[in-house]
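# show me the folded form of this:
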Amino acid sequence: MTTKTIAGIDVEVNDEGFFEQPDQWTEAIGAEVAKEAGIEPMTDRHWQVVKFMRHQYLETGSAPSIRALGKASGVPVKELYQLFPKGPAKLAAKIAGIPKPRGCI
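Take a look at the predicted model:
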């Protein structure tokens with residue numbers, strides 16, 4: 001576990017950069033993580049997915065898979081890959097400040 005300063009706030013992250021403490025997350029942190037990943041600006045569609053991911057994690061204790069994300073978030077899988085290239089569930093989870101979804105490499 002490592003401490004990293006993101007958007008002026010010290011947060012605990014694992015060796016892949018995923019939050020250890022999801023309650024440390026803020027939208028400003030999410031925007032900074034997205035910028036580091038090459039996603040800028042964050043559009044309403046990006047935030048819709050990120051907030052859905054956080055909500056699902058906080059409600060169930062696990063992040064949704066890409067299939068579940070595409071069905072339940074209101075954003076089709078094809079669009080998810082346009083919004084979050086190189087693995088939408090994994091990247092959206094990182095931006096949302098939650099652990100990496102099961103099944104993501």
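# give the residue spans of this protein that score low on pLDDT.
103-105 (pLDDT under 70).
# all helices for it, in order.
27-36, 44-60, 66-72, 77-83, 88-96 (DSSP state H).
# which one of the ones you listed is the most hemmed in?
helix 88-96 (a mean of 26; mean count of other C-beta atoms under 10 Å). From N, CA and C alone the C-beta is placed, and that goes for glycine too.
# now do that one: distance to the chain's middle.
3 Å (C-alpha atoms, centre = their mean, to the nearest Å).
# other SSEs contacting it?
In terms of contacts (3 or more C-beta pairs under 8 Å, 6 or more residues apart in numbering; DSSP states H and E), helix 88-96 is packed against helix 27-36, helix 44-60, helix 66-72, helix 77-83.
# mind putting those helices into JSON lines with distance to G97?
JSON lines is the format used below for the helices and strands packed on helix 88-96 (distance: least, C-beta to C-beta, whole Å):
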{"stretch": "helix 27-36", "distance to G97": "6"}
{"stretch": "helix 44-60", "distance to G97": "7"}
{"stretch": "helix 66-72", "distance to G97": "16"}
{"stretch": "helix 77-83", "distance to G97": "17"}
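# no further queries at this time; thank you.
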